[in-house]
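> What shape does this take:
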Amino acid sequence: MNMTTKVELSSIKENYVNDNNFILIENFYDENDNLIKYKIEPIGAERYSILIQKWDEFGNQIEYSRTDGQTGNKEIWISKYEFDKYDNWILKTHFKNGKPLYIVKRKINYTE
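You can find the predicted model right below:
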């Protein structure tokens, strides 16, 4: 079975001066209209960075990247999660460029 994910895109031109000078903001949504990716790209700026953020189906940020517009150097921060039986994350590990940075643990007390 071939399963494809429908992705909706909305794009905005902010701080618009002309067709060669503006900030392009793109939002990508999954089939349930959840924001899954956000991209900011200055068009026409001399010095700029392209920023991208991505989220999982629970709204947790899973990636943040920054690409230098002049050098092309890219830094990527990744967050990996472990979830409990209620789909709440209880362990989040942060990485930068593939190297672990730190771990965040949380304890959730549920009441019935």
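> just for this structure, where's the confidence low?
Where the chain drops to pLDDT under 70, the residues are 1-7.
> neighbouring strands for the helix or strand where F22 lies, and are they parallel or not?
F22 belongs to strand 21-29 when assigned by DSSP states H and E. Applying DSSP bridges, strand 21-29 is found paired with strand 8-18 (antiparallel), strand 35-43 (antiparallel).
> Hmm, Y48 is touching R66, no?
No: taking CB atoms under 8 Å as the definition, Y48 is not a contact partner of R66, at 10.5 Å. (C-beta placed from N, C-alpha, C; glycine too.)
> related to what we said a few turns ago, buried ones in the strand holding F22?
Across strand 21-29, burial judged by 16 or more other CB atoms under 10 Å covers F22, I23, F28.
> Okay, and the beta partners of the second one?
It refers to I23. Beta bridges link I23 to E14, P42 when assigned by DSSP bridges.
> got a list of what the nearest residue to Y29 once chain neighbours are set aside touches?
The shortest distance from Y29 to any residue other than its chain neighbours is 4.3 Å, reached at E8 (CB to CB, 6 or more residues apart in numbering). When contacts are counted by CB atoms under 8 Å, 6 or more residues apart in numbering, E8 touches F28, Y29, D30, D33.
> Just the strands from the chain, written as ranges.
Applying DSSP state E to the chain gives strands spanning 8-18, 21-29, 35-43, 49-55, 61-68, 74-83, 89-96, 99-105.
> I'd like to check the angle between the third one and strand 49-55, please.
In this case it means strand 35-43. 170 degrees (axes from the mean of the first three to the mean of the last three CA atoms, to 10 degrees).
> now the longest one
For the pair strand 8-18 and strand 49-55, the angle between their directions (the same axes, to 10 degrees) equals 160 degrees.
> how about the strand holding F22 as CSV, C-alpha atoms only?
Coordinates of each C-alpha in strand 21-29 appear next as CSV, following Å, rounded to 0.1, in the frame of the first residue of the first chain:
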residue,chain,number,x,y,z
ASN,A,21,13.7,42.4,-1.2
PHE,A,22,11.4,40.7,1.3
ILE,A,23,11.2,38.0,4.0
LEU,A,24,9.6,34.8,2.7
ILE,A,25,7.8,32.8,5.4
GLU,A,26,6.6,29.3,4.5
ASN,A,27,4.3,27.2,6.7
PHE,A,28,3.9,23.5,6.0
TYR,A,29,0.9,21.6,7.4
